[in-house]
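K.L.:
Sequence unavailable; structure follows:
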Ligand SMILES: [Zn+2]
């Protein structure tokens with residue numbers, strides 16, 4: 001492990017706070033450089049790509065608040081990969097405010113070059129603001145969002161180019177791209 005990473009982490013796993021952290025894990029696709037690395041303990045390092053130890057990974061609920069971008073990116077990536085299985089992971093993603101460039105870094109391992117277009121053929125990106133082009137009934141709730149509702153900071157659904165996610169009335173919902181216009 002590079003001396004600067006050792007110093008930053010204090011020899012403690014930057015995900016789960018276990019001592020000692022013996023591995024420097026590079027958060028892909030960035031190059032091997034201490035600022036792109038996270039100090040990990042044996043347990044985290046062994047499971048960081050498999051994510052089988054579901055309970056263990058609740059540690060990212062803490063590490064996502066780390067001021068270091070690499071730790072934020074890795075924590076976000078882990079929560080994002082577990083969000084369909086674990087409700088705490090979805091709740092965590094809903095409750096944090098992370099810079100868009102870190103979100104892009106965190107989700108870059110999942111984007112398979114699908115392009116999302118709005119109703120007018122404009123390319124949509126993570127973090128865009130869109131406007132609803134027609135009223136939207138939100139399933140499972142009593143409210144509907146009127147045409148013209150502004151949805152900020154959308155997320156692209158990585159495996160479906162017709163879906164984006166956005167917050168309306170504090171709820172994250174899936175919206176069809178054909179019913180939005182990029183703002
Ligand atoms: Zn750890």
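P.N.:
Perfect, thanks for sending it. Predicted model, so just to flag it, every value in this text is computed and none were measured. Numbers count the residues shown, from 1 in each chain.
K.L.:
hey, what's residue 171 bridged with?
P.N.:
Per DSSP bridges, the residues bridged to residue 171 are residue 168.
K.L.:
Ok, residue 136 next?
P.N.:
Bridge pairing for residue 136 - DSSP bridges - gives residue 145.
K.L.:
what's the nearest residue to residue 54 if we skip its chain neighbours?
P.N.:
Excluding its sequence neighbours, the residue lying closest to residue 54 (C-beta to C-beta, 6 or more residues apart in numbering) is residue 86, at 6.1 Å. C-beta: built from backbone N, CA, C; applies to glycine.
K.L.:
What's the separation between the one you found and the ion?
P.N.:
Look at residue 86 and the ion: by C-beta to the ion, to the nearest Å, they are 17 Å apart.
K.L.:
surely that residue meets residue 56?
P.N.:
No: using C-beta atoms under 8 Å, residue 86 is not in contact with residue 56, being 11.6 Å away.
K.L.:
And the contacts of the lowest-mean-pLDDT helix or strand in the chain?
P.N.:
One helix or strand of the chain scores below all others by mean pLDDT, DSSP states H and E: strand 136-137, with a mean of 85. Identification of contacts with strand 136-137 by C-beta atoms under 8 Å, 6 or more residues apart in numbering yields 144, 145, 149, 168, 175, 179.
K.L.:
same deal with stretch 24-35?
P.N.:
1-2, 4-5, 8, 36-40, 44-45, 48, 69-70, 73-74, 77, 105-106, 108-109.
K.L.:
How far off centre is stretch 12-19?
P.N.:
Chain-centre distance of stretch 12-19: 21 Å, with C-alpha atoms, centre = their mean, to the nearest Å.
K.L.:
buried ones in stretch 68-87?
P.N.:
68-83, 86 (16 or more other C-beta atoms under 10 Å).
K.L.:
that older thread, can you say which of the contacts of strand 136-137 are buried?
P.N.:
145, 149, 168, 175, 179.
K.L.:
Thanks again, I'm all set now.
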